[in-house]
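Asker: Task: produce atomic coordinates for the following.
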Amino acid sequence: MFLGDNQVAIAAVAAGAETIRQMSDDISDTQRIIKGPRDFATQADIASEKEIIAVIKRQRPQDDIFAEESGLHTAVIGENARRWLVDPLCGTVNYAAHTQDVAVNVALQDTESGKILSAAVAHPFSGEIFWTDAVSAHVRKSGTDYMLAQQRPSPGLPLVEVNFYGLTGRSKLFQLVSHPEFCERFHLRVHSTTLTVPWVAAGKRAAYISEGDVKDNVHYAAGIAICQSAGCVVTGMDGQPLYTGAGGLLVAEDQPTHAALLAILKDISS
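Answerer: Here you go, the predicted model:
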């Protein structure tokens with residue numbers, strides 16, 4: 001049966017999520033595979049990635065794949081300007097600590113324009129799958145799809161997710177979370193997984209902020225596309241168009257939230 005691109009993305013993250021869920025009770029699956037001084041993968045990262053790639057190759061043999069752990073898989077059928085970005089387990093450190101704040105991210109990119117055509121993010125332990133066809137954004141729960149309302153308010157508390165991974169004490173984000181106006185208006189959350197990017201589209205977070213380069217990033221591509229399709233305000237961390245200027249990422253549920261955070265960040269820089 002032929003599947004549309006969004007269905008392939010959903011099937012791929014579902015396969016990876018199921019693998020992670022099944023392996024989560026086996027302590028050997030959290031043993032570290034060292035990748036760098038402060039970076040590692042687990043057997044679950046590897047197994048999830050294999051399952052995701054198998055789904056994509058079966059359904060889209062003409063497309064390239066770039067996966068976090070195994071790198072570039074060039075299509076064997078012709079040449080194509082389509083590439084799947086695969087993040088098999090975002091939140092590996094959380095997973096290795098036997099906590100459930102993890103995600104599986106898959107996005108289909110037009111490599112000529114850089115545009116994301118379809119994307120999905122799965123949370124293995126709740127069963128939720130956030131997805132977009134680049135037109136609208138949805139969440140799948142127990143097999144039923146629900147559209148993510150545009151600029152949906154967060155539930156009662158202005159929770160802001162801040163990515164602290166790899167930052168130093170001189171980072172602008174460290175200054176942000178201690179700024180008096182931030183402390184008065186927002187509440188800090190740190191889950192250390194890009195699962196929390198689509199949470200902004202779902203109303204579970206008011207905003208998400210990260211420094212660093214997020215362009216063509218396997219961790220961020222799917223979540224950004226979902227938030228854009230849901231009508232969130234998505235810019236670089238200094239308010240510039242995404243992937244320009246100083247880089248970084250600022251996703252807000254609405255314009256007032258974005259403006260408030262941007263004002264604090266500009267005050268820090270002045």
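
Asker: what's the span of stretch 228-242, first residue to last?
Answerer: 11 Å (C-alpha to C-alpha, to the nearest Å).

Asker: before we move on, what about stretch 133-142?
Answerer: The first and last residues of stretch 133-142 sit 20 Å apart, counting by C-alpha to C-alpha.

Asker: Please determine how far residue 6 is located from residue 207.
Answerer: 26 Å (C-beta to C-beta, to the nearest Å). Where you see a C-beta, it was placed from the backbone N, CA and C, and this is true even at glycine.

Asker: So if I had to pick from those two, which one is more boxed in?
Answerer: Shown here are residue 6 and residue 207; by other C-beta atoms under 10 Å, residue 207 has more neighbours (23 against 19).

Asker: quick one, strands of the stretch 1-150 of the chain?
Answerer: For the stretch 1-150 of the chain, applying DSSP state E, counting those that start in this stretch gives strands covering 33-36, 39-41, 64-67, 71-73, 82-90, 103-110, 116-122, 129-132, 137-141, 144-147.

Asker: Pop the domain breakdown of this protein in here.
Answerer: Using the TED database, the domain parsing of the chain gives 5-148, 159-269.

Asker: what residue ranges in the stretch 1-150 of the chain score low on pLDDT?
Answerer: Residue ranges of the stretch 1-150 of the chain with pLDDT under 70: 27-30, 36, 38, 76-79, 150.

Asker: Provide a list of residues in contact with residue 110.
Answerer: Neighbour list for residue 110: 81, 82, 116, 117 [criterion: C-beta atoms under 8 Å, 6 or more residues apart in numbering].

Asker: which one of those residues is nearest residue 58?
Answerer: Nearest to residue 58 among these is residue 82, at 15.5 Å by C-beta to C-beta.

Asker: Just send the strands of the stretch 1-150 of the chain back as a markdown table, with distance to residue 267 too.
Answerer: Supplementary listing: these in a markdown table, determined by distance: least, C-beta to C-beta, whole Å:
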| stretch | distance to residue 267 |
| --- | --- |
| strand 33-36 | 35 |
| strand 39-41 | 33 |
| strand 64-67 | 38 |
| strand 71-73 | 41 |
| strand 82-90 | 31 |
| strand 103-110 | 32 |
| strand 116-122 | 32 |
| strand 129-132 | 33 |
| strand 137-141 | 32 |
| strand 144-147 | 36 |
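
Asker: And the longest helix seen in the chain, what's buried?
Answerer: Ranked by residue count, the top helix of the chain under DSSP state H comes out as helix 5-23. Residues of helix 5-23 classed as buried: 5-21, 23 (neighbour count, 16 or more other C-beta atoms under 10 Å).
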